[in-house]
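>>> need a structure here:
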Amino acid sequence: MITIRLPDGSTRSFENPVTVAQVAANIGAGLMRAALAGRVNDHLVDLSTTIDQDVDLAIITDKDEEGLEIVRHSTAHLLAHAVKELFPEAQVTIGPVIENGFFYDFSYKRPFTPEDLALIEKRMTEISKQDFTVTREVMGRDEAVAYFKGLGEAYKAEIIESIPAGETLSLYRQGEFVDLCRGPHVPSTGKLKVFKLTHVAGAYWRGDSKNEMLTRIYGTAWTKKEDQEAYLFRLEEAEKRDHRRLGKQLDLFHIQDEAPGMIFWHPKGWALWQAVEQYMRQVYRDNGYQEIRCPQILDRTLWEKSGHWENFHKNMFTTESESRDFAIKPMNCPGHVQVFNQGIRSYRELPIRYGEFGSCHRNEPSGSLHGVMRVRGFTQDDGHIFCTEDQIQPEVLNFIRLLQKVYKDFGFEDIQYKLATRPQQRVGTDEIWDKAESALRNALESTGVAFDVLPGEGAFYGPKIEFHLRDSIGRTWQCGTIQADFSMPGRLGAEYVAEDNSKQVPVMLHRAILGSLERFIGILIEHYAGALPVWLAPVQAVVATITSNQVEYAEKLVNTLKEKGFRVTADLRNEKINYKIRAHSMDKVPYQIIVGDKEVLSHTVSVRGRGDKDLGVMTQEALFSLLQQESQFLKAL
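Have a look, this model is predicted:
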């Protein structure tokens, strides 16, 4: 007798071995129709899997997170099936599930086009309607290599050849199409009804630029049509908000081939940059940070001591002078330790908090560069806290509260918290790790926030907390972090005199709120769709004349507003006022101050707010008050 325990605590008994599908049918016809796979003793399996002993079993449907992932992985196979039918010479490589969808890489004599995607998607729909049964087959490694070579699939054969000899592999067949895969998969192609191919891109085989460039086809798949429609709407919104398009439209920055991964900030973009940086500089001052500045280029020997030369060398820009090797700094940490090391430190001085708007450079692969979001030259709102082990928890708690306030000021109130704990390869004793993880955990718990634990994902030198903010269209961005480091201070000779006159190595807390300023500004642009709050807007108001009669009045008003610290320009062009209004609305300027003959005579202004809001006529004093109130963060500086 075989006993199967179900998630609700009930059991089902069978005299003979049964498949997962048969158990689902035994429970109910509705469940059988909805079933996609099973979870046997916490291991995902196909519905066709046979159960021949007592187990815990859950039937996976489209209501389960695992069900959606299985649908997406199976849709990747559906994509490959369609490509092979339409383009028989194409070779399949890998096709994993990614966030919100999947991709599959193909080797073909030419890149696939958007027109190809339409044909492929149509063929995928036809294969889905044919409702091919998806079956699992097993082969030995060598047999599988020979099989795929016989099909002309050199890439699949190469993948299999990298697997140790003697391994048994699983293949999945639907119709005439066969692919290597661990599974599980949906029971038939008819389960795959909601999908869309989104775009194509290039991708090097095995991620190595020395290898062939493949064509990567991206797609999305869902279990419900309305979920896919909502996702596609978010994609459409994201395209409208793309910081690269808005950066050009609003004249904020540009990038050119002569400086890959570097940003040319235009006057308006640099005004935005300065608003962000000056706000963060005030945060430093208000929270006990001493701002410092460290060299851009440091001798190789320092990077060897810190461990970066060994572990990060391929991402560092290097140079040579007078027979000495140097590196342009990829991060600020070693420099901050050098400042700490100047003079004898006492426990009475701790914690010491250093902050730097540190300009860093990393030799990122050209294929990964993306606007201001992924660059080679960037600036961090970097900070390092040197403290004792007992000071970790209060420092982390203060940092979390500070980060929450900063994010709220920038318009982000939905934050996700993740605690990454000790990895297998690490430095320091278990006792120190226990204390550090406990300090970070207790700090999170004392704020009352919910957080996820990421076991084993901490850095080798200490645990960390990651802070992910959610933007206006639901995307999450990992920006802030705080990390406890027990390694680098000792490697670089940092120490302080303890209360008992012994010399001790301080704990180093690496912390950042915004992370890369370039990336954070890109997030801001997309979050607000370019319509930034007044305190951040590059141009906060424009004074526009109706005719040339108001030029002198307008110029005086602009000068007065500038003297009060506002970012204001004048539009004195010989154009119709409606043309000016449309132009500045496209530039997303928060306030348009219109002056005509009536305003000159009455010493007033007509004010229009963003979004075509007519705020009416007001005195100059009322205008000053309005801008002052709207620019509260800027004026607080």
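>>> which stretches in the stretch 401-550 of the chain count as helices?
Ranges of helices in the stretch 401-550 of the chain, per DSSP state H, counting those that start in this stretch, are 430-447, 488-491, 517-527.
>>> same for the last one, what does it pack against?
Just to be clear, that refers to helix 517-527. helix 243-249, helix 267-286, strand 377-387, strand 476-485 (3 or more Cβ pairs under 8 Å, 6 or more residues apart in numbering; DSSP states H and E). (Glycine included, C-beta is placed from N, CA and C.)
>>> how about the second one?
Other elements packing on helix 488-491 under the criterion 3+ Cβ pairs under 8 Å, 6+ apart are helix 300-306, helix 333-340, strand 507-516.
>>> please save the CA atoms from it in PDB.
Extracted in PDB, the C-alpha atoms of helix 488-491 (Å, rounded to 0.1, in the frame of the first residue of the first chain):
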ATOM      1  CA  MET A 488      39.800  44.700   4.700                       C
ATOM      2  CA  PRO A 489      40.600  46.800   7.800                       C
ATOM      3  CA  GLY A 490      43.000  44.100   9.000                       C
ATOM      4  CA  ARG A 491      44.500  43.600   5.600                       C
END
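>>> now that helix: mean pLDDT?
Taken as a whole, helix 488-491 has a mean pLDDT of 89.
>>> got the contact list for that helix?
Residues from elsewhere that reach helix 488-491, judged by Cβ atoms under 8 Å, 6 or more residues apart in numbering: 305-307, 333-334, 337, 340, 386, 461, 495, 505-508.
>>> in CSV: those residues, plus pLDDT and neighbour count.
Converted to CSV, the contacts of helix 488-491 look like this (pLDDT from 0 to 100; neighbours: other Cβ atoms under 10 Å):
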residue, pLDDT, neighbour count
305, 87, 15
306, 85, 21
307, 82, 17
333, 91, 21
334, 91, 19
337, 95, 26
340, 96, 23
386, 97, 25
461, 81, 22
495, 95, 16
505, 94, 17
506, 95, 26
507, 92, 26
508, 94, 26
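>>> nearest to residue 78 among these?
Among these, residue 461 lies closest to residue 78 (Cβ to Cβ), at 44.3 Å.
>>> closest to residue 344 out of the helices of the stretch 401-550 of the chain?
helix 488-491 (15.2 Å).
>>> for the closest one, buried residues please.
By neighbour count on 16 or more other Cβ atoms under 10 Å, the buried set for helix 488-491 is 488, 489, 490, 491.
>>> for the helices of the stretch 401-550 of the chain, which one sits closest to residue 221?
Using Cβ to Cβ, the nearest of the helices of the stretch 401-550 of the chain to residue 221 is helix 517-527, at 24.9 Å.
>>> returning to that earlier point: what is the nearest of the buried residues of helix 488-491 to residue 528?
residue 488 (37.1 Å).
>>> give me the most central residue, the protein.
The structure's the chain has its C-alpha centroid closest to residue 477; by Cα atoms, centre = their mean the separation is 4.2 Å.
>>> so it is in contact with residue 526, correct?
No - proximity of residue 477 to residue 526 does not meet the contact threshold set by Cβ atoms under 8 Å, at 9.4 Å.
>>> shared neighbours of these two, anything?
By the contact definition Cβ under 8 Å, 6+ apart, residue 477 and residue 526 are jointly contacted by residue 471.
>>> remind me which residues of the stretch 351-500 of the chain are low pLDDT?
Along the stretch 351-500 of the chain, no part satisfies pLDDT under 70.
>>> re earlier: got TSV for the helices and strands packed on helix 517-527, with distance to residue 426 too?
As requested, the helices and strands packed on helix 517-527 are arranged in TSV below (distance: least, Cβ to Cβ, whole Å):
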stretch	distance to residue 426
helix 243-249	37
helix 267-286	31
strand 377-387	20
strand 476-485	11
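>>> picking that back up, how close does the residue nearest to the centre of the chain sit to residue 437?
25 Å (Cβ to Cβ, to the nearest Å).
>>> for residue 20, what are phi and psi?
Dihedral angles of residue 20 (phi, psi; degrees, to the nearest 10) stand at phi -60, psi -40.
>>> tell me how many other residues crowd residue 115.
8 (other Cβ atoms under 10 Å).
>>> for it, give its distance to residue 101.
In this view, residue 115 and residue 101 are 21 Å apart by Cβ to Cβ.
>>> cool, and residue 373?
Applying Cβ to Cβ, the value for residue 373 to residue 101 is 20 Å.
>>> again with residue 532
Here residue 532 is placed at a distance of 31 Å from residue 101 (Cβ to Cβ).
>>> please identify which of these two sits among more neighbours.
residue 532 (24 against 20).
>>> I figured the more buried one was touching residue 272, is that so?
Yes - if you go by Cβ under 8 Å, residue 532 and residue 272 touch, sitting 7.0 Å apart.
>>> intersection of neighbour lists for these two?
Jointly contacting residue 532 and residue 272 under the rule Cβ under 8 Å, 6+ apart are 524, 538.
>>> partners of the residue nearest to the centre of the chain in the sheet?
Beta-bridge partners for residue 477, by DSSP bridges, are residue 469.
>>> adjust the sequence numbering to begin at 446 for everything that follows.
In the new numbering, first residue 446, that becomes residue 922.
>>> ok so, going back, most neighbours per residue, which of the helices of the stretch 846-995 of the chain?
Among the helices of the stretch 846-995 of the chain, the stretch with the highest mean neighbour count (mean count of other Cβ atoms under 10 Å) is helix 962-972, at a mean of 24.
>>> where does residue 539 land in three-state SS?
What DSSP: H, G, I helix; E, B strand; the rest coil gives for residue 539 is coil.
>>> how about it, nearest residue that isn't a chain neighbour?
Using Cβ to Cβ, 6 or more residues apart in numbering and skipping residues adjacent in sequence, the residue nearest residue 539 is residue 550, 5.7 Å away.
>>> sec struct for the one you found, please.
strand.
>>> now it: how far from residue 663?
10 Å.
>>> neighbour count: those two, which is higher?
Per other Cβ under 10 Å, whichever of residue 550 and residue 663 has more neighbours is residue 550, with 22 against 18.
>>> residue ranges in the stretch 496-645 of the chain under the pLDDT threshold?
Counting by pLDDT under 70, not a single residue of the stretch 496-645 of the chain qualifies.
>>> now do the same contact list for residue 810.
Counted by Cβ under 8 Å, 6+ apart, residue 810 has contacts residue 654.
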